[in-house]
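> Sequence plus predicted model, see below.
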Amino acid sequence: MAAAIGPGLARAAVAIRLDGEVRDLARPIEGDATIAILTDRDPDALAVLRHSAAHVLATAVRDLFPGAGIGFGPAIEEGFYYDFEVERPFTPEDLERIEARMRDVAGADYPFVRDEVSRDEANRRFADDPLKLERISELGADEIISTYADGPFVDLCRGPHVPSTGRLKHFKLLNTAGAYWRGDARRQMLQRIYWTAFFKQEDLETHLHRLEEARKRDHRKVGKELDLFLIHPWAPGAAFWTERGTIIYNTINEYMRDLQREGYREIRTPLLFNRRLWELSGHWGKYRENMFLVLDNETGEHDFSLKPMNCPSHYLLYSSKKHSYRELPLRYNTYDVLHRNEVSGALSGLTRVRQFSQDDCHIFLMESQIPEEVKRLTDLILGYYRTFGLEATLKFATRPPQRIGDDATWDRAEAALKAALDATGLPYEHKPGDGAFYGPKVDFDVADSIGRKWQLGTIQLDYAAPERFDLIYVGEDNAEHRPVVIHRAVSGSFERFIAILIEHFAGAFPVWLAPEQVRVLPISDHQTEAARGIFARFRAAGLRAVLDDSNETLSYRIRHAELMKVPYVAVVGQREADAGTVAIRVRGAGNKQEVVAVDVFVDRIRQEVASRALVPHDS
């Protein structure tokens, strides 16, 4: 088909999109369909290439380690990984051999050949691989079982793949790590290899540079260096915030409070609820494995759970009173602690935790108020991100395969949210099937300073909860009506958002957010008393100041302040002590110093804090 359009397209073709489903070029088209030929310019094509690269990796590993068990090998946002069960961890020398063998496999240009097989045949083909046999046993009775072969290697796989291994030209080993099978610490430890692949060498080089930057900025490394937080093995997935980290946490929290002074009602609800709440909300059947269940000594059953989200408790609070249309939109916001039972193998610093807090809000409103409220929330969310130098793109996600509510309700909800989103005039991307189980949503993907995308804020429209919880308001006609619910988050979890900010700023926080805004350094003991007086004036003015009058040399103390990424260092020599001034060194400005009157400097920092300026500056 591609050749009929043109020989250039035939050479460039990577895969096909058939009625929205990405498939192999060689897979037969069984009936009439809407199709599109994918080339390397299509965003979906890169995931296909990386999936195929994972098979090339597995081909190389199985060739070099014939007894290796083959786990999962999915494409991920930054590349792909594959898990292997081998007798010992991979060494750097092993990885060099594997990469070289991958290049041989790619050079052989093996075609990817799809084969549909029966369950019995699948069990026979993978009889020597318990990991694959376990996966086969979990497939549904009516599920099509398919395998893919590239040269000597055959894997259980749904596809799709590029036409042949020769399409893989630009790839690179990233790292290796241990990973429990299925993310379960009770299961065997596998060896996970991370790689990435691109269609173009320049894209690969750009990505590798970004990864190097990311390693330097890793929030776990920087957080330890700046003494912001720690994770202890006795409390996995929960952060200990140091004094310095707590300042950042509270500053962000207070900023959200400032944005929600008017028109919001801050509330707190219990952390522990009976299962009946979760059954009513629909979470018990769909989310129970991710909830921390608590034993009820009276029933002997795990009938209670720590709350993994706030929404059902907000419905209970709303339904405790009668509400008029005059109150709507009614906005409940909270910063309550939540718990989700993430598998131990998935925990990662602050970005994947078990205990966290969200800047959560649930809005009860009339259907006619949806456009205005979505515009209001969108402006708030995007403005919040810009404060941190972050820009966001929007995604409109529609009904997922597993959902509650009938199609008529979903049609109504999707039409309402799409109309409201269109009314903002902002561009957005469609994400079919990616909505919440109770309603469509708008997600906000934020790009940080090195170009990585993070999904943060969300606006979710929910017609199901008011029905389930029998939520009502009394309308202007004095009759009872159902409100609509909007679920809204901005930062998402504070833990994850702070991790993103640590890496976005590389620990060099703007003055308003920095845990330490200015460090006062007397040159010698002769200026200590004057430095203490200046330090006291800074503190009285509300600045987060630290006095370093230790016995270390001045150059050592300056260097330490630089390593702690303090925005301003105020040096006090005899001339400054006599004149009531300070010699200011600005972070990132090298050895340059500016002598400023203490009051002038205090006013400068106050202005930067009030305006939430992104960088410290000199006059």
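The structure has been received and is ready for your questions. Residues are numbered from 1 along each chain as shown.
> all contacts plus neighbour counts: C-alpha atoms, from now on.
Will do.
> Check which helices and strands whatever helix or strand residue 155 lives in sits against.
Secondary structure assigned from DSSP states H and E places residue 155 in strand 153-156. Judged by 3 or more CA pairs under 8 Å, 6 or more residues apart in numbering; DSSP states H and E, strand 153-156 is in contact with helix 43-64, strand 145-150.
> now for the first one, which elements pack on it?
Based on contacts counted as 3+ CA pairs under 8 Å, 6+ apart, the elements that helix 43-64 packs against are strand 75-76, strand 79-85, helix 92-108, strand 145-150, strand 153-156, strand 189-198.
> Name the residues of it that are buried.
44-63 (16 or more other CA atoms under 10 Å).
> before we move on, what about stretch 328-341?
So stretch 328-341, judged by 16+ other CA under 10 Å, has buried residues 329-341.
> what does stretch 604-619 give?
For stretch 604-619, a neighbour-count test (16+ other CA under 10 Å) marks 604-606, 608-609, 612-614, 616-617 as buried.
> Any chance you could list what contacts that stretch?
The contact list for stretch 604-619 (CA atoms under 8 Å, 6 or more residues apart in numbering) reads 387-389, 509-512, 543, 567-568, 586-587, 594.
> Highest mean neighbour count out of the helices and strands packed on helix 43-64?
Each of these was scored by mean neighbour count; the highest is strand 79-85, a mean of 24, by mean count of other CA atoms under 10 Å.
> Now do the same contact list for residue 44.
If you count contacts by CA under 8 Å, 6+ apart, then residue 44 has 22, 38 around it.
> Could you measure from it over to residue 102?
23 Å (CA to CA, to the nearest Å).
> burial measure for residue 383, as a count.
Look at residue 383: counted by other CA atoms under 10 Å, it has 15 neighbours.
> cool, and residue 593?
16.
> now residue 116
15.
> Mean pLDDT and distance to residue 89 for the helices and strands packed on strand 153-156 - can I get that in JSON lines?
Putting the helices and strands packed on strand 153-156 into JSON lines (pLDDT from 0 to 100; distance: least, CA to CA, whole Å) gives the following:
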{"stretch": "helix 43-64", "mean pLDDT": "91", "distance to residue 89": "13"}
{"stretch": "strand 145-150", "mean pLDDT": "92", "distance to residue 89": "26"}
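> can I get these in JSON lines with distance to residue 475?
What follows is the helices and strands packed on strand 153-156, written out as JSON lines (distance: least, CA to CA, whole Å):
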{"stretch": "helix 43-64", "distance to residue 475": "47"}
{"stretch": "strand 145-150", "distance to residue 475": "54"}
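> Can you tell me which of the ones you listed is nearest to residue 13?
helix 43-64 (9.3 Å; CA to CA).
> Can you name the next helix or strand after the closest one?
Taking DSSP H and E, what comes next after helix 43-64 is strand 69-70.
> Mind listing the strands that following strand pairs with, and their directions?
Strand pairing for strand 69-70, using DSSP bridges, gives strand 79-85 (antiparallel).
> how about the helices in the stretch 501-619 of the chain?
528-540, 554-563, 574-579, 598-611 (DSSP state H, counting those that start in this stretch).
> I meant the stretch 151-300 of the chain, not that one.
Using DSSP H, counting those that start in this stretch, the helices of the stretch 151-300 of the chain run over residues 201-217, 219-225, 243-259, 275-281, 283-287.
> related to what we said a few turns ago, possible to save the buried residues of stretch 328-341 as CSV with secondary structure?
Listed next are these as CSV, based on DSSP: H, G, I helix; E, B strand; the rest coil:
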residue, secondary structure
329, coil
330, strand
331, strand
332, strand
333, strand
334, strand
335, coil
336, coil
337, strand
338, strand
339, strand
340, coil
341, coil
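> closest to residue 452 among the residues you listed?
Once CA to CA is applied, the member of those that ends up nearest residue 452 is residue 340, at 25.2 Å.
> is it true that that closest one touches residue 352?
No - contact criterion CA atoms under 8 Å: residue 340 and residue 352 do not qualify, at 10.0 Å.
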